[in-house]
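*Asks:* next come a sequence and a model predicted from it.
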Amino acid sequence: MVETRQAVLAGQACCAGENPVQAEPAQAGKKIVVLLATDSLGKGDEVLGQHIVVNFIMKMNEMKDDLWRLILLNGAVKLTAAGSEALPYLQELARNGLGILVCGPCLKTFNLYEKNQVGEVTNMLDIITSMQVAGKVISLT
């Protein structure tokens, strides 16, 4: 049944068909998932928006143990590639135990699959499961 459901989802959803990631349960609803779907935050000045997203990632460690996972979709997957200004901060977060989920088909769309340097390449089912298990989801799109 699981294989059949995954096969159906693979044909219907972005990020389906990548390597599944085990979802550990959030503790007492306190764990936070941050969903980031862009490599530039805000509207107006694109360069400023890129600096803002890097600064946001750099400061995520201030969330301490409440931060459980970071999910990167769409343009945000560019932040995981070699040469990204955000990459050292993402690698530090991962070394400190943050689960980072990276949309596999998004990496493929931007021709970055082989250049990904951090996180677990995953699928939409795992992303949805992480959001469902988390006590809180913060979405930046």
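*Replies:* Received, thanks.

*Asks:* contacts for the top helix by length along the chain?
*Replies:* Taking DSSP state H as the criterion, the chain has its longest helix at helix 46-59. Residues outside helix 46-59 that contact it (Cβ atoms under 8 Å, 6 or more residues apart in numbering): 36, 38-43, 76, 79, 85-86, 89-90, 93, 140. (Glycine included, C-beta is placed from N, CA and C.)

*Asks:* of these, which is the most crowded?
*Replies:* When neighbours are counted by other Cβ atoms under 10 Å, residue 79 leads the contacts of helix 46-59 with 27 neighbours.

*Asks:* hmm, that residue is touching residue 91, no?
*Replies:* No. Contact criterion Cβ atoms under 8 Å: residue 79 and residue 91 do not qualify, at 10.9 Å.

*Asks:* ok so, going back, widest-spaced pair of the contacts of helix 46-59?
*Replies:* 43 and 93 (26.0 Å; Cβ to Cβ).

*Asks:* of the contacts of helix 46-59, which belong to helices?
*Replies:* Cross-referencing the contacts of helix 46-59 against helices under DSSP H gives 89-90, 93.

*Asks:* what about stretch 131-141, average pLDDT?
*Replies:* For stretch 131-141, the mean pLDDT works out to 93.

*Asks:* got the CA positions of that stretch in CSV?
*Replies:* Extracted C-alpha coordinates of stretch 131-141, given in CSV (Å, rounded to 0.1, in the frame of the first residue of the first chain):
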residue,chain,number,x,y,z
MET,A,131,4.8,20.0,8.7
GLN,A,132,2.1,17.8,10.1
VAL,A,133,4.2,16.5,13.0
ALA,A,134,5.6,20.0,13.9
GLY,A,135,4.0,22.1,16.6
LYS,A,136,4.4,25.2,14.4
VAL,A,137,5.3,26.0,10.8
ILE,A,138,6.8,29.3,9.8
SER,A,139,6.5,29.8,6.0
LEU,A,140,8.6,32.3,4.1
THR,A,141,7.7,32.4,0.4
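
*Asks:* understood, closing this out.
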